[in-house]
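K.L.:
coords below, sequence missing:
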């Protein structure tokens, strides 16, 4: 046995613990220790092959996730673009239940304000309208506006 083999053997049979960079502490006797100038033992080769296989599988899984995320982002982008286009034109559709003359398109923070009856010189109420498609929901500012209307915190001012 060489001096290196003696050191490895004494470490393998010791009560010395080692701490991994991840913070986990383990006994050196739990590890496969060998002289790096020679071929590793078969057990070490098997473990290395196992880790390499797991690494390759993880890389493939990440590639699949990346493709899925890209496809999802592209789909979401198309949906948002479609929604923004529709909200600009929805008050022009014949199935829209308000006269075009009563509608003012804003885009932000709400899509349309409908002055119900203004075309007939008889405004009976005002509708704040946000048009959503799919599973879209009101954003923070739109919810604040909705809540202000529900709480009767609406004023008219002349300047």
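P.N.:
Happy to help now that I have it. Note that this is a predicted model, so its numbers are computed, not measured.

K.L.:
Name the helix or strand of this structure that has the lowest mean pLDDT.
P.N.:
In the chain, the helix or strand scored least confidently by mean pLDDT, DSSP states H and E is helix 42-89, which has a mean of 74.

K.L.:
pLDDT on the helix or strand that it is followed by, on average?
P.N.:
Beyond helix 42-89 in the direction of the C-terminus, DSSP states H and E gives the next helix or strand as strand 103-105. The pLDDT scores in strand 103-105 average 79.

K.L.:
Strand 103-105 pairs with which strands, parallel or anti?
P.N.:
strand 112-116 (antiparallel) (DSSP bridges).

K.L.:
Can you list the helices and strands that the helix or strand following the strand it pairs with packs against?
P.N.:
Downstream of strand 112-116, the first helix or strand assigned by DSSP H and E is strand 125-129. Judged by 3 or more C-beta pairs under 8 Å, 6 or more residues apart in numbering; DSSP states H and E, the packing partners of strand 125-129 are strand 112-116, helix 140-150. Quick note: C-beta positions are derived from backbone N, CA and C, even for glycine.

K.L.:
From the chain's centroid, how far away is the first one?
P.N.:
The gap between where strand 112-116 is centred and where its chain is centred comes out at 35 Å by C-alpha atoms, centre = their mean, to the nearest Å.

K.L.:
Report the angle between it and strand 125-129.
P.N.:
Orientation of strand 112-116 against strand 125-129 (axes from the mean of the first three to the mean of the last three C-alpha atoms, to 10 degrees) gives an angle of 160 degrees.

K.L.:
Same question for strand 112-116: list its buried residues.
P.N.:
Buried residues in strand 112-116, counted by 16 or more other C-beta atoms under 10 Å: 112, 114-116.

K.L.:
Identify the farthest-apart pair in the residues you listed.
P.N.:
112 and 116 (11.7 Å; C-beta to C-beta).

K.L.:
which neighbours do the two share?
P.N.:
Residues touching both residue 112 and residue 116 by C-beta atoms under 8 Å, 6 or more residues apart in numbering: residue 127.

K.L.:
Comparing the helices and strands packed on strand 125-129, which yields the minimum mean pLDDT?
P.N.:
Among those, strand 112-116 scores lowest, with a mean of 88.

K.L.:
which residues sit against that strand?
P.N.:
Residues from elsewhere that reach strand 112-116 (C-beta under 8 Å, 6+ apart): 87, 90-91, 98, 102-106, 123-129, 131.
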